[in-house]
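[1] Based on what follows, work out the 3D shape:
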Amino acid sequence: MDVPSEEFQDPDHQSFGSNTVGCVSCTTFNILAPIYKRLSNKRCESEFREFWRRRNESILDRLLHLKSSIICLQEFWVGNEDLVSMYEKRLGDAGYVTYKLARTNNRGDGLLTAVNKNQFRVLNSREFLFHDIADRVALLLHVELLVCFPQNQSADIKKEALIVNTHLIFPHDSSYCFLRLQQVYMILQYIESYCDEHQLPSVPIILCGDWNGSNKGHVYKFLCSQGFVSSYDIAHNYMDIDEDSHKWISHRNHRGNVCGVDFIWLLNPNKHRKPLKESFMEALLGNITNLLQKASTGSVDPLHFFEMDGSYITYSQFCQALAKLGVCGSSHSDLCNEDTKKLWEHLDTDRNGVIDLLQYSRAENLYPLLLQKEDTEENGGQIKEMFNTSTSTTMIGFNVKNAMLFPPEVEKGMWPENYSLSDHAHLTVEFSLVEMNCT
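    The predicted structure follows:
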């Protein structure tokens with residue numbers, strides 16, 4: 001039977017701290033719920049109180065050592081009052097206010113978000129339930145920053161931000177990629193609705209969590225197309241997806257594979273954002289194109305996977321091809337009928353009821369080019385804001401100052417065998433505050 005080891009320590013890998021003037025920090029960590037952690041005898045850790053309590057005390061020790069301004073936890077065992085009380089007590093004593101959200105259908109785990117009440121005032125919190133096959137959820141906090149700038153600031157600067165914590169479904173096969181895209185799409189739709197409902201001007205948005213996909217996936221590209229940047233990749237100047245994709249990892253999954261799946265995404269208020277629906281359609285198309293390429297053999301053009309009438313594709317043929325690819329019609333993780341129709345409308349630009357090869361090829365080439373067109377600077381450049389405002393507003397923004405993964409070996413693409421806090425590393429990012437003019 002496994003016995004949890006002592007807390008994994010590295011004296012040379014220190015925290016950023018949250019006391020630097022004009023800076024805030026954020027930590028995201030999937031802490032592996034005891035109901036999912038298997039011991040060597042195949043029994044769950046949740047059956048042994050001394051084991052899961054000791055491990056979670058070590059997790060809390062680590063979190064309190066970091067002193068991050070924001071803490072976002074996934075696989076938090078909300079169904080156990082003892083564990084919940086332990087976290088609320090220790091985090092509360094350390095000056096944090098906590099919010100938790102359980103997954104639907106009594107899954108047992110969920111999310112916990114904690115913010116330092118000396119650095120933030122929580123203006124509002126919202127729960128978002130996906131109601132999908134994985135019972136996933138997202139937790140949104142609307143906060144006002146109480147920290148000071150290191151220099152003179154505008155008297156009327158608005159210091160508000162949105163923090164979102166979530167955990168996407170695991171991609172058991174290629175069809176789940178569509179569900180993960182839909183989950184991100186729903187989160188971004190919800191953020192837009194929240195901002196409209198509260199007439200919220202442009203504010204920075206931080207998305208934290210376990211995204212269950214790497215920087216080579218379509219969720220990563222989708223978020224980039226919406227103006228978000230991966231804080232860790234920005235901090236380490238990892239801009240080439242193919243070249244840099246294996247330089248860091250953050251998770252060893254139940255199959256024994258290692259990959260980087262934990263992200264802190266940043267969208268500054270002056271960052272350009274293209275229409276959400278358009279980005280979503282391009283993300284779906286990119287995923288379908290990838291499946292077409294995999295399904296093709298040799299030198300056969302992927303478009304020949306469609307049974308075409310000459311050079312045209314009808315809606316019926318389009319749906320049949322998607323079904324053959326396993327994209328729709330077979331499970332809850334597939335592309336739904338509504339999204340299939342929207343994708344067809346996106347491709348049928350001249351609205352004549354058919355798609356010719358030229359239309360498809362043009363649309364097919366849009367998505368891979370998105371990242372090349374995105375501004376890769378930390379601040380996003382002085383360009384259009386995310387939400388429409390009729391007047392110029394001075395808003396707070398964030399620069400990515402530093403980012404680290406723990407344990408440090410994962411930053412080199414290696415998983416240490418003596419690490420026992422979780423099957424995930426934790427990611428901490430330090431942001432410096434800047435003023436941004438949004439018009």
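
[2] in the stretch 1-150 of the chain, which spans are helices?
    49-66, 81-93 (DSSP state H, counting those that start in this stretch).

[3] closest one to residue 181 among the ones you listed?
    helix 49-66 (30.7 Å; Cβ to Cβ). For every residue, glycine as well, the C-beta is placed using N, CA and C.

[4] about what we covered before: give me whichever of the helices of the stretch 1-150 of the chain is most buried.
    helix 49-66 (a mean of 18; mean count of other Cβ atoms under 10 Å).

[5] okay, now the closest residue to residue 187 other than its chain neighbours: neighbour count?
    Nearest residue to residue 187, sequence neighbours excluded (Cβ to Cβ, 6 or more residues apart in numbering): residue 138, at 5.3 Å. For residue 138, the neighbour count with other Cβ atoms under 10 Å is 24.

[6] quick one on the thing from earlier: so for residue 111, which of the helices of the stretch 1-150 of the chain sits nearest?
    Across those, closest to residue 111 is helix 81-93 (Cβ to Cβ), at 12.0 Å.

[7] For the stretch 251-400 of the chain, which residues score under the pLDDT cut-off?
    296-310, 329-334, 357-392 (pLDDT under 70).

[8] from what I can see, residue 208 looks like it's in a helix, true?
    No. With DSSP: H, G, I helix; E, B strand; the rest coil as the criterion, residue 208 is located in strand rather than a helix.

[9] before we move on, back to that, reformat the helices of the stretch 1-150 of the chain as CSV; add distance to residue 30.
    Conversion of the helices of the stretch 1-150 of the chain to CSV gives the following (distance: least, Cβ to Cβ, whole Å):
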stretch, distance to residue 30
helix 49-66, 11
helix 81-93, 15
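
[10] thinking again about what came up before, so what pairs up with the residue nearest to residue 187 in the strands?
    residue 128, residue 166 (DSSP bridges).

[11] For it, give me the pLDDT.
    Note for residue 138: predicted pLDDT of 98.

[12] swap in residue 17?
    54.

[13] Now do the same contact list for residue 426.
    Residue 426 makes contact with 27, 28, 29, 62, 262, 405, 406, according to Cβ atoms under 8 Å, 6 or more residues apart in numbering.

[14] biggest separation within the residues you listed, which pair?
    62 and 262 (14.8 Å).

[15] Residue 209 versus residue 424, what's the distance?
    Separation of residue 424 from residue 209 (Cβ to Cβ, to the nearest Å): 11 Å.

[16] Now the helices of the stretch 1-150 of the chain in a markdown table, please, with extra columns for mean pLDDT.
    A markdown table is the format used below for the helices of the stretch 1-150 of the chain (pLDDT from 0 to 100):
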| stretch | mean pLDDT |
| --- | --- |
| helix 49-66 | 98 |
| helix 81-93 | 98 |
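
[17] can you list the domain ranges for the protein.
    With domains defined by automatic domain parsing, the chain comprises 23-272+375-438, 279-373.

[18] which neighbours do residue 424 and residue 209 share?
    30, 262.

[19] Would you mark the buried spots in whichever strand or helix holds residue 187?
    Secondary-structure assignment from DSSP states H and E places residue 187 in helix 176-197. By 16 or more other Cβ atoms under 10 Å, the buried positions in helix 176-197 come out as 176-188, 190-191, 194-195.

[20] For residue 132, which non-adjacent residue is closest in space?
    residue 179 (6.6 Å).

[21] Surely the one you found touches residue 170?
    No. Look at residue 179 against residue 170 with Cβ atoms under 8 Å: they stay out of range, at 10.2 Å.

[22] Mutual contacts of these two, please.
    Going by Cβ under 8 Å, 6+ apart, residues that sit against residue 179 and also against residue 170 are residue 134.

[23] The stretch 251-400 of the chain: strands as residue ranges?
    Here the stretch 251-400 of the chain has its strands, by DSSP state E, counting those that start in this stretch, at 251-252, 258-259, 262-267, 312-314, 354-356, 393-406.

[24] for this structure, which residue is closest to the average position?
    residue 211 (4.7 Å; Cα atoms, centre = their mean).
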